[in-house]
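A.B. asks: A structural model of the following input is requested.
(chains A and B)
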Amino acid sequence: MSDATIPDPEEFQDPLENYDPKVYADALEQALAEQTVDQIRHEPMATIAPDVSVGEAVKQLAGLHVACLLVEQDGELLGVFSDRDVLDRVALEFDRVKDQPVRSLMTENPVFVYETDSAAAAFSVMAVAGFRHVPVLSLDQKLMGIVSPQRVTEFVQQHVPAT
Amino acid sequence: MGLQQNFHDEPVSRLSLREPVTAAPSETLRDVIGRMRDKKLGCVIVVDGDDKPVGIFTESALTQLLGRHGGQVVNEPIEKHMASPCTWVKLTDPITYVVEAMQLKNVRFICVVDESGRVAGLTGQKGLIEFVADHFPDQVMVQRIGGTPYSNKREGA
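C.D. replies: Residues are numbered from 1 along each chain as shown, chains lettered A, B, ... in the order given. All right, here's what the predicted structure looks like:
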């Protein structure tokens, strides 16, 4: 191929200005498309080691007034332990399971989002997949935070004031 | 039409309402936990003899109780631990009432009642998120459902 057939980038004649910008229905649609998960509040997060007892994990949930603990070891996400796990697997069996390690009753391999995913990705995990608490990871798999329904609702209210 | 306008114009009945778990005030927590598990719901609406809401008990409150008092607390009556009054909206109220109630009262669940004040459904944060998802399918419904790391290697030859 001769040099004459290769277009010179400096002379490219179809700049983005030639295209109409995307038109959104409102500020929330624009935010869902153009903002990232990083722009939904995802901190603070509460973490716990996998070998801590279920009884202690329940005390931490109660004491910290949070609905979900991220179970992690050396920065690696192993699972989540939430109010729903307490309801489903602990409440009626408390005395029997309170000394077991939390890893035995946590929800393993939770669905997560990357902090660079679009904000809509977090909505999708909640609305389509049905998970209430969505861990947020960096692209190198480091745990960065958690998005909850409360934080997503705040995001909606921020862009669509109720009044 | 923008979402804000929809919040004002559309009634609560347009949200995807859940069929609630209801309980009499004298039932024990143990009685209702099984029903919450079966219906995969995070709260119980406590009702009077006319099926009108008098309180609400959430899975979050359950965790608080277990953390403070241990496993025996499930044998106590729900009326001792329910939050009262229960926040409610009518089926015919605009959706914006749900948004406002969650904002002002910092609650996750909102009881929905019919014109006579009887329990007709349950909504809240999840109902609102699903409404947003339905409103913007081009943004939300096309997303990869997380969980799979991006490949470091390029595909193909």
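A.B. asks: Mind pulling up the pLDDT for B:Lys153?
C.D. replies: Taken from the predicted model, the pLDDT recorded for B:Lys153 is 60.
A.B. asks: Excluding sequence neighbours, find me the nearest residue to the residue nearest the centre of chain B.
C.D. replies: In chain B, the residue lying closest to the centroid (C-alpha atoms, centre = their mean) is B:Phe109, at 3.6 Å. Ranked by C-beta to C-beta, 6 or more residues apart in numbering or on different chains and with sequence neighbours excluded, the top spatial neighbour of B:Phe109 is B:Gly124, at 4.2 Å. Where you see a C-beta, it was placed from the backbone N, CA and C, and this is true even at glycine.
A.B. asks: what does B:Ile33 give?
C.D. replies: Here the residue nearest B:Ile33, using C-beta to C-beta, 6+ apart, is A:Ala91, at 5.2 Å.
A.B. asks: can you check B:Gly121 too?
C.D. replies: Spatially, and ignoring its direct neighbours in sequence, B:Gly121 is nearest to B:Leu17 (3.3 Å; C-beta to C-beta, 6+ apart).
A.B. asks: what about the one you found, neighbour count?
C.D. replies: As a burial measure, the neighbour count of B:Leu17 was computed by other C-beta atoms under 10 Å in any protein chain shown and equals 16.
A.B. asks: which ones are touching it?
C.D. replies: The contact partners of B:Leu17, by C-beta atoms under 8 Å, 6 or more residues apart in numbering or on different chains, come to B:112, B:120-123, B:127.
A.B. asks: now do B:Lys39
C.D. replies: Residues in contact with B:Lys39, defined by C-beta under 8 Å, 6+ apart, are B:18-19, B:21.
A.B. asks: Check whether B:Leu128 sits in a helix, strand or coil.
C.D. replies: State at B:Leu128, reduced to three classes by DSSP: H, G, I helix; E, B strand; the rest coil: helix.
A.B. asks: my read: it touches B:Glu100, true?
C.D. replies: No - using C-beta atoms under 8 Å as the test, B:Leu128 is too far from B:Glu100 to be in contact (11.4 Å).
A.B. asks: what about the closest residue in space to B:Ala61 that isn't next to it in sequence, distance to chain A?
C.D. replies: Distances taken as C-beta to C-beta, 6+ apart put B:His81 closest to B:Ala61, at 6.3 Å, once the chain neighbours are dropped. In this structure, B:His81 and chain A are separated by 13 Å, where distance is defined by C-beta to the nearest C-beta, to the nearest Å.
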